[in-house]
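> Below are the sequence and a predicted model for it; my questions follow.
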Amino acid sequence: MTRWRLDIAYDGRDFSGWAAQPGLRTVQGVLEEWIPRVLRLTEPTPLTCAGRTDAGVHARGQVAHLELPADRDPEHLRRRLARVLPDDLVVRAVTVVPDSFDARFAAIWRRYIYRLDDTGAPDPLRRGSVVATRPLDVAAMNEAATTLLGLRDFAPFCKRRDGATTIRTLLDLQAERVPSGLIEFTVRADAFCHSMVRSLMGAMVAVGSGRRDRAWLERTAAAPARAGSVFVMPAHGLCLEEVGYPPAQQWAERSARARSFRDPAELGGQHD
């Protein structure tokens, strides 16, 4: 058996998230159905991903790994999957990697983009991936966002899960108005807890619209538990764009360190 890396993209609108669930259409479920079929394997092929995106969330840069027989051809698998997978799911690349590669634990950051349209005339062709809002002050949002950067407890912005850590390192929280007029909010962290990105976006939109200010954000961020005043933004505006990994020679060390300081079920386990 050898370890294979899959680079995956999907339109999340018709998926009930990444993680396989009985009776529901999920990204993991569809892939784990088709991979053994196209390779004519009799055993299941469980996938481990960098981040279990929630229902409705998209991905351009999802990464997963699995174990497959050494005599199989990665490019053959990619071509076969291209023929059978639905139009809203694509495996962009398949590569053989050392056993030290772990899509979840070797990752050092995940980068999401949340897309907003505050123009008052949203493009109907983008309604599945962009959220319409009232006019927003980009400068005000960026100024307030600096208070959230770094290592801290993000419990005020996470849905509680028993035994789950909410301590994360937020590396980037930055809004940019792109030439199309949309606002693209980049959110990058070592990992995310459940609903964290969309809750952060709810807080940013509250500031950008003028309904809240930086002082409110600072008070909210200091709360010991989930803040009821923070709105969770819709899932369809969010996309997992990229997962970052260290050089190959550091994969094993990174994975071991990640497993040691966080619950394995939590690191990269719950994403928006």
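That came in fine, so what should we check first? Numbers count the residues shown, from 1 in each chain.
> contact partners of the helix or strand encompassing residue 203?
Taking DSSP states H and E as the definition, one finds residue 203 inside helix 196-208. Helix 196-208 is contacted from outside by 112, 114, 116, 133, 136-138, 140-141, 144-145, 148, 154, 156-158, 168, 173, 175, 185, 187, 189, 212-214, 216-217, 220, 230-235, 237-238, 271-272, using Cβ atoms under 8 Å, 6 or more residues apart in numbering. From N, CA and C alone the C-beta is placed, and that goes for glycine too.
> now with 7 Å?
112, 114, 133, 136-138, 140-141, 144-145, 154, 157-158, 173, 185, 187, 212-214, 217, 220, 230-233, 235, 238, 272 (Cβ atoms under 7 Å, 6 or more residues apart in numbering).
> Can you say which of the residues you listed are buried?
Among these, the ones that count as buried by 16 or more other Cβ atoms under 10 Å are 112, 114, 133, 136, 138, 140-141, 144-145, 154, 157-158, 173, 185, 187, 212, 217, 220, 230, 232-233, 235, 238, 272.
> buried stuff in the helix or strand of the chain with the lowest mean pLDDT?
Within the chain, no helix or strand scores below helix 251-261, which has a mean of 84 by mean pLDDT, DSSP states H and E. For helix 251-261, the neighbour count (16+ other Cβ under 10 Å) marks 251-252, 254-255, 258 as buried.
> got it, and stretch 237-253?
Neighbour-count burial for stretch 237-253 [16+ other Cβ under 10 Å]: 237-245, 251-252.
> Tell me the one of those residues nearest residue 33?
residue 240 (21.6 Å; Cβ to Cβ).
> ok, back up a step: put the alpha carbons of the least confident helix or strand of the chain into PDB.
Listed next in PDB are the C-alpha coordinates belonging to helix 251-261 (Å, rounded to 0.1, in the frame of the first residue of the first chain):
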ATOM      1  CA  TRP A 251       5.800  16.600   7.500                       C
ATOM      2  CA  ALA A 252       6.500  13.900  10.100                       C
ATOM      3  CA  GLU A 253       7.600  16.400  12.700                       C
ATOM      4  CA  ARG A 254       4.600  18.700  12.100                       C
ATOM      5  CA  SER A 255       2.200  15.800  12.200                       C
ATOM      6  CA  ALA A 256       3.600  14.500  15.500                       C
ATOM      7  CA  ARG A 257       3.600  18.000  17.100                       C
ATOM      8  CA  ALA A 258       0.000  18.600  15.900                       C
ATOM      9  CA  ARG A 259      -1.200  15.400  17.400                       C
ATOM     10  CA  SER A 260       0.500  16.000  20.700                       C
ATOM     11  CA  PHE A 261      -0.900  19.500  21.400                       C
END
